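Participant: I'll drop the sequence and a predicted model, then ask my questions.
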Amino acid sequence: MLLTSCLSLRSAALALVVATLAACGSVSTTGEKVAGVMTPYKIDIVQGNVVTREQLAVLRVGMPRAVAQDVLGTPLLTSVFHADRWDYVFTLKRPGSEPQSRKVTVFFSNEVISKIEADELPSETEFVSTLRSKTVLGPVPSLTASEEALKKFPAPKKAEAPVSGNTAPAAATSYPPLEPGGL
């Protein structure tokens with residue numbers, strides 16, 4: 001009797017373990033299905049200085065350092081060890097597309113540009129087109145109202161004329177309560 005009871009207890013425990021493991025397998029499958037539908041939002045990562053073809057076309061060897069900074073902006077990298085070198089680095093990482101990376105290096109000698117090294121740069125229009133969102137919000141609503149639409153609203157009250165040389169507007173005598181149940 002004790003042996004039969006022990007075997008039945010073992011069978012019940014084994015059945016419980018098998019059922020638990022089977023449940024875990026179906027939960028993970030369901031979890032994978034849910035994870036396949038719901039993905040986390042990933043932001044675009046834009047870092048560095050954008051330098052366009054138009055900006056690069058303005059730079060010339062012999063241009064003073066201050067004018068170069070007016071054209072390009074403050075460099076992303078300046079080195080204590082290379083005071084005569086400015087590096088403008090730009091990276092754009094967008095989910096679902098190849099990361100973009102561009103670099104422009106400007107070298108100075110006696111406070112004027114001596115050399116310019118640059119990767120292939122986009123024009124300003126090309127760069128702006130890469131930043132546009134792919135979501136279309138629909139047509140922009142009209143922001144003008146017809147005379148008929150304006151008649152639906154009450155006409156604004158005309159301000160009272162100032163009293164004998166006083167140009168300040170008349171003060172309101174009472175205000176509605178700020179909190180419910182006030183007064």
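Facilitator: Now that the structure is in, tell me what you want to look at.
Participant: and S97, how close does it get to I45?
Facilitator: Taking CB to CB, to the nearest Å as the criterion, S97 is separated from I45 by 12 Å. In short, each C-beta sits where N, CA and C put it, glycine included.
Participant: can you list contacts of stretch 96-108?
Facilitator: Stretch 96-108 is contacted from outside by 49, 51, 56, 59, 65, 68, 72, 75, 84-93, 113-121, 130, using CB atoms under 8 Å, 6 or more residues apart in numbering.
Participant: pull out the buried residues from it.
Facilitator: By neighbour count with 16 or more other CB atoms under 10 Å, stretch 96-108 contains the buried residues 102-106, 108.
Participant: adding secondary structure, pLDDT and distance to V18, write those out as a markdown table.
Facilitator: Below are those laid out as a markdown table (DSSP: H, G, I helix; E, B strand; the rest coil; pLDDT from 0 to 100; distance: CB to CB, whole Å):
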| residue | secondary structure | pLDDT | distance to V18 |
| --- | --- | --- | --- |
| R102 | strand | 92 | 59 |
| K103 | strand | 93 | 60 |
| V104 | strand | 93 | 65 |
| T105 | strand | 92 | 66 |
| V106 | strand | 93 | 71 |
| F108 | strand | 94 | 75 |
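Participant: export these as a markdown table, with columns for distance to V17.
Facilitator: Converted to a markdown table, the buried residues of stretch 96-108 look like this (distance: CB to CB, whole Å):
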| residue | distance to V17 |
| --- | --- |
| R102 | 59 |
| K103 | 60 |
| V104 | 65 |
| T105 | 65 |
| V106 | 70 |
| F108 | 74 |
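Participant: before we move on, back to that, can I get the buried part of the contacts of stretch 96-108 as one PyMOL selection?
Facilitator: Written as a PyMOL command, the selection of buried residues from the contacts of stretch 96-108, which uses 16+ other CB under 10 Å, is:
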select buried, resi 49+51+56+59+68+72+75+85+86+87+88+89+90+92+113+118+121
